[in-house]
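**Student:** pasting the sequence and the predicted model now:
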Amino acid sequence: MKPNPKKVPLDFDPVAEVSRLKAQTKAIRKRNYSQRKSVLDNYHGEIIILLLNGATATEVHRWLRELKVKISLSTVTRWIKKHG
């Protein structure tokens with residue numbers, strides 16, 4: 001379908017519209033990791049207590065696996081460094 005240029009308003013700025021749409025697309029595609037929540041946040045208190053009582057990251061990982069939390073050891077280690 002061919003656009004009809006006769007119906008375009010006089011105050012229409014195509015460059016500004018394209019720029020606005022591109023900015024909107026960029027905002028939609030951008031991931032915001034700061035708002036993401038870790039599965040480990042659900043066990044924050046328990047993990048901290050385990051660590052205060054001498055548990056290692058590997059032991060915390062094993063405890064989480066017993067609770068059927070599917071997570072890697074490196075994730076547990078990074079979470080402990082950040083929150084523990």
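**Tutor:** Everything's here; your move. No experiment lies behind these values; they were computed from the predicted model shown.
**Student:** could you measure from residue 70 over to residue 11?
**Tutor:** Separation of residue 70 from residue 11 (CB to CB, to the nearest Å): 56 Å. Bear in mind the C-beta positions are built from the backbone N, C-alpha and C, glycine included.
**Student:** what's the answer for residue 24, then?
**Tutor:** In this view, residue 24 and residue 11 are 20 Å apart by CB to CB.
**Student:** in terms of neighbours, single out the busier of the two.
**Tutor:** More crowded of residue 24 and residue 11, by other CB atoms under 10 Å: residue 24, with 10 against 5.
**Student:** wait, what's in contact with that one?
**Tutor:** Residues near residue 24 by CB atoms under 8 Å, 6 or more residues apart in numbering: none.
**Student:** just give me the neighbour total for residue 72.
**Tutor:** 9.
**Student:** tell me the contacts of it?
**Tutor:** Here residue 72 is in contact with residue 61 (CB under 8 Å, 6+ apart).
**Student:** dihedrals phi and psi, it?
**Tutor:** Main-chain dihedrals, residue 72, degrees, to the nearest 10: phi -90, psi 160.
**Student:** just residue 67 next, same as before
**Tutor:** The phi/psi pair for residue 67 (degrees, to the nearest 10) is phi -90, psi 10.
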